[in-house]
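[1] I'll drop the sequence and a predicted model, then ask my questions.
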There are 2 protein chains.
Amino acid sequence: MHLAFLRDYHEALVIALARTTPTLERGTVAELTGLTPQAVSKVLARLVDEGLLEPAGVRRPARGKPAAVYRLVPGSRRAIGAHVTRRELRLVLADLAGTVLASIATPLPADFTPDELLSELAAGVTTMIAGHDLSTPGLAGVGIGMIGPLDQSTGTVRGAHRLRHWQDVPLAALAERRLGLPVLVDKDVTAGVTAEAWRRGTAFRDAALVVVDAGVGAGLWLGGAAHRGAHTNASEFGHAVVQLDGPPCACGRRGCLEAVHEQAADPAAAAAVLATGVVNLLQTLDLGHVVLGGADLLPHGELYREAVEHAVRTQLPGADWLTVEVSLTSLGTDVVAAGAAMQVLNARYGLPDPTRPREPAPAVVRG
Amino acid sequence: MHLAFLRDYHEALVIALARTTPTLERGTVAELTGLTPQAVSKVLARLVDEGLLEPAGVRRPARGKPAAVYRLVPGSRRAIGAHVTRRELRLVLADLAGTVLASIATPLPADFTPDELLSELAAGVTTMIAGHDLSTPGLAGVGIGMIGPLDQSTGTVRGAHRLRHWQDVPLAALAERRLGLPVLVDKDVTAGVTAEAWRRGTAFRDAALVVVDAGVGAGLWLGGAAHRGAHTNASEFGHAVVQLDGPPCACGRRGCLEAVHEQAADPAAAAAVLATGVVNLLQTLDLGHVVLGGADLLPHGELYREAVEHAVRTQLPGADWLTVEVSLTSLGTDVVAAGAAMQVLNARYGLPDPTRPREPAPAVVRG
DNA sequence: CGACTTTAGCAACGCTGTTGCGTTAATACC
DNA sequence: GGTATTAACGCAACAGCGTTGCTAAAGTCG
């Protein structure tokens, strides 16, 4: 029965609108989605029934019957996101609106094993659940933003850079068994860009989250969805060469953006190198938004932002239609964890993918 | 009525299968698409009714009733594609299977005007129609692969590089009026990659067509669809910097791939530079296929192909799961024109985009 | 020749959004 | 203050998609 796709698609469309607008009315939703008002009525009724939306009074117009107003119930669905770095585990609780409700960070043992990570994760998730009165289906699941390379489609870590013990670890399956919750695993930067996309809504169609944190990476959001590539290994933007015969990089090539960036004399020079890399990305992909983040970038955030903005203004052909918004992530060091959480929400409440129908909705207790 | 999307989507799925397999059966189609056999029956009946498929006997099995076999009728729908370069206009007739049935090239006046192009185009299209007994709806329309920058969504050329007379020209609208046929305009390399995608089928999900022809560009096919970017200006891959403080480029920056490539001492050195650029693309986007083409590359085609393949083997982390297929375009100098034609076919018979419902099917005379 | 296997297709059905039209709740006018 | 006007709401019937249940058809096998 593929009519379910249509239903999910239109519901997701309305949820996306609700996320970015404070209030919704039948008429405006109909106009924006192309649906008939009657169809919108049905969708709104379903969403209210599921608890995702709630009535919020009426709008007073000049004439005629006032329109009923609806608004999102952000707390009706939440998800826990985890960011696994080489040194620490960061956990975040995020809601439907993309708001971060809580955040905890715990150190991880040096060169930790899968089991050590799972223990820390389970402890943190339990704490989070206890502290915020979380229960299914209010808790949609757990997302993990992880160091690659990994296979996102199966949730298997193929061999995380500079971590032993992580050869072909089926992290998603292990965590699902340990936590008893749905788990999604993705590369850190790809999770991160999902956070930005989820918070900014449909105008954020082609964008990158450029992260400097030990290495350099770029999570890509193309055509309104995360871009992961043929082997779900996209985003190794730091290993694009920007200086032929430049300094050697850990990856074996010479002159990688990451290596040149690392060797820069001062933060300003480093920012200029990164800015050139960003313009390369813009030339190739034509992005509308570039968001900057990462633990090693944010301390000089404004410096980097200005460097990139300057490069965009001066190095791109200066046409008035070629507008690129450059910004710092509003989520700080929580971006990746928040994005991991929002990937879980996005899988269920975001626009569905016709090629991969989503699993049936969990049984919800109706009012 | 959005049920039409479902219908079009499933029909497109079956057509895509028919393009890559010599014959179709209900059972295998059902298995591959996830539809029920009964639903496949309905889809096949509709496609036979529209003339896109035809019965092709039965399959003799070991036991049981023989399955009815269907095959694509490649000639049932065709489209004309045009490739506009600074020197010539190349026209191609392509069919549903992605086969190029005819190809003509005519020189264009130096620094030609929109009107001069339209005259050549109209003459060529008329010749093509007369020579191949084309009529609507057998002729789906005309596609134009053009030098950018341009706005693909409206078919407006914003100002083609090194061509005066091409500031904000609504080429699609002008050509539609002149030809009396639907016209789609896109950047040359994006059209080109569509040709490869249309011919290779669904396994070709994340790929690039890298073209060297005066400049360097890369048409991108990401997640099973053309990637055009926020302002439909993606693919300016040649203007990504690969050598900081390298030779100056026409675009104003220094060390662009295009500039460094052009300055190379010999074809082998040039190929090595391009290969590095391709690996950059792979690191960032994780493509499964790289196709090479372009009038300035194909004379040394095998040299370039080997250089890129060598770079992929040696410069990418050598994991067995990271497979990249490097090939030369099988369409030679017709790629862009063929792709422009296939964009027209793709718009009507390819997978539909839920965000932009396609226009109703033209009235077809039924048998 | 009858049992079995596999495919085909009719008919009723469930669910989606759509259409038509009467109802409701407000303002504007006299 | 009553009445017309306006704008939004929502019931009911409908069209079209894929699904389900079941019967018929066309082969092979013993």
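    Structure received.

[2] around DNA strand C, which positions in chain A sit nearby?
    Within chain A, the positions lying close to DNA strand C (C-beta under 7 Å from any atom of the strand) are A:1, A:3-4, A:6-7, A:10, A:35-36, A:38-39, A:42-43, A:58, A:60-66. In short, each C-beta sits where N, CA and C put it, glycine included.

[3] tell me how many other residues crowd A:Gly145.
    Here the count is done by other C-beta atoms under 10 Å in any protein chain shown, and A:Gly145 has 31 residues near it.

[4] quick one: name the residues of the stretch 1-150 of chain A near DNA strand D.
    Contact residues (C-beta under 7 Å from any atom of the strand) of the stretch 1-150 of chain A with DNA strand D: A:1-3, A:25-27, A:37-38, A:41, A:61, A:63-68.

[5] burial measure for A:Gly350, as a count.
    As a burial measure, A:Gly350 scores 23 neighbours (other C-beta under 10 Å).

[6] next one: A:Val92
    As a burial measure, A:Val92 scores 29 neighbours (other C-beta under 10 Å).

[7] residue contacts, it?
    Residues in contact with A:Val92, defined by C-beta atoms under 8 Å, 6 or more residues apart in numbering or on different chains, are A:Ile80, A:Gly81, A:Ala82, A:His83, A:Val100, A:Ala102, A:Ser103, A:Asp334, A:Ala337, A:Ala338, A:Ala340, A:Ala341.

[8] inside helices: which ones of those residues?
    A:Ala337, A:Ala338, A:Ala340, A:Ala341 (DSSP state H).

[9] ok, and the most crowded of those?
    Using other C-beta under 10 Å as the contact criterion, the top neighbour count among the ones in helices among the contacts of A:Val92 goes to A:Ala341, which has 36 neighbours.

[10] and the closest residue to A:Leu281 other than its chain neighbours, what are its bridge partners?
    Using C-beta to C-beta, 6 or more residues apart in numbering or on different chains and skipping the chain neighbours, the partner closest in space to A:Leu281 is A:Ala208 (6.0 Å). Each beta-bridge partner of A:Ala208 is listed here, defined by DSSP bridges: A:Leu220, A:Val290.

[11] how many residues are close by A:Ala208?
    Burial of A:Ala208, expressed as a neighbour count using other C-beta under 10 Å, amounts to 28.

[12] hang on, isn't A:Leu17 packed against A:Leu32?
    Yes. Assessed by C-beta atoms under 8 Å, A:Leu17 is found in contact with A:Leu32 at 6.3 Å.

[13] show me where the stretch 201-350 of chain A has helices.
    A:257-263, A:267-285, A:301-315, A:335-349 (DSSP state H, counting those that start in this stretch).

[14] who's in contact with A:Leu89?
    When contacts are taken as C-beta under 8 Å, 6+ apart, A:Leu89 is in contact with A:Ala82, A:His83, A:Ala105, A:Thr106, A:Pro107, A:Leu108, A:Leu117, A:Glu120, A:Leu121, A:Gly124.

[15] run me through the strand neighbours of the lowest-mean-pLDDT helix or strand in chain A, direction for each.
    Of the helices and strands making up chain A, the lowest-confidence element is strand A:53-59, at a mean of 90, by mean pLDDT, DSSP states H and E. Strand A:53-59 sits in its sheet next to strand A:67-72 (antiparallel), going by DSSP bridges.

[16] give the buried residues for the partner strand.
    Across strand A:67-72, burial judged by 16 or more other C-beta atoms under 10 Å in any protein chain shown covers A:Ala67, A:Tyr70, A:Leu72.

[17] and if you look at stretch A:66-85?
    Along stretch A:66-85, the positions that meet the burial threshold by neighbour count (16+ other C-beta under 10 Å) are A:67, A:70, A:72-74, A:76-85.

[18] could I have the CA atoms of it written out in CSV?
    As requested, C-alpha coordinates have been extracted for stretch A:66-85 and formatted as CSV (Å, rounded to 0.1, in the frame of the first residue of the first chain):
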residue,chain,number,x,y,z
PRO,A,66,-12.0,33.6,11.8
ALA,A,67,-9.4,31.0,10.7
ALA,A,68,-8.4,28.3,13.2
VAL,A,69,-4.8,28.6,14.1
TYR,A,70,-2.5,25.7,14.9
ARG,A,71,1.0,25.4,16.3
LEU,A,72,3.6,22.8,16.8
VAL,A,73,3.9,20.9,20.1
PRO,A,74,7.7,20.8,20.1
GLY,A,75,8.0,18.5,23.1
SER,A,76,5.6,15.9,21.7
ARG,A,77,8.5,14.0,20.2
ARG,A,78,12.1,14.1,21.3
ALA,A,79,15.3,12.3,20.5
ILE,A,80,18.6,11.8,22.1
GLY,A,81,21.7,12.5,20.0
ALA,A,82,25.3,11.4,20.7
HIS,A,83,28.5,12.8,19.4
VAL,A,84,31.4,10.4,19.6
THR,A,85,34.9,12.1,19.4
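
[19] and that stretch, how far out from the chain middle?
    14 Å (C-alpha atoms, centre = their mean, to the nearest Å).

[20] check stretch A:230-245 too.
    With C-alpha atoms, centre = their mean, you get 20 Å for stretch A:230-245.

[21] re earlier: hmm, who's touching the least confident helix or strand of chain A?
    In this structure, residues lying in contact with strand A:53-59 by C-beta under 8 Å, 6+ apart are A:14, A:18, A:23-25, A:44, A:47-48, A:66-73.

[22] sec struct for A:Ala160, please.
    coil (DSSP: H, G, I helix; E, B strand; the rest coil).

[23] so it sits against A:Gln167, correct?
    No. Under the contact definition of C-beta under 8 Å, A:Ala160 does not touch A:Gln167, with a separation of 9.0 Å.

[24] the two - which one has more neighbours?
    A:Ala160 (19 against 10).

[25] how about the more buried one, phi and psi?
    Summarising the backbone geometry of A:Ala160 under the convention degrees, to the nearest 10, its torsions are phi -60, psi 130.

[26] are we agreed that A:Asp115 is in a helix?
    Yes. When classified by three-state DSSP, A:Asp115 is found to be part of a helix.

[27] now do the same for it: its pLDDT.
    In the prediction, the pLDDT value recorded for A:Asp115 is 97.

[28] distance check, it against A:Leu179.
    Using C-beta to C-beta, to the nearest Å, one obtains 14 Å as the distance from A:Asp115 to A:Leu179.

[29] more neighbours: which of those two?
    The residue with the greater number of neighbours, taking A:Asp115 and A:Leu179 and applying other C-beta under 10 Å, is A:Leu179; the counts read 18 against 12.

[30] about what we covered before: who wins for most neighbours among the contacts of A:Leu89?
    Ranked by neighbour count under the definition other C-beta under 10 Å, these are headed by A:His83 with 29 neighbours.

[31] mind listing what it touches?
    Residues in contact with A:His83, defined by C-beta under 8 Å, 6+ apart, are A:Leu89, A:Arg90, A:Leu91, A:Val92, A:Gly145, A:Asp188, A:Ala191, A:Asp334, A:Val336, A:Ala337, A:Ala340.
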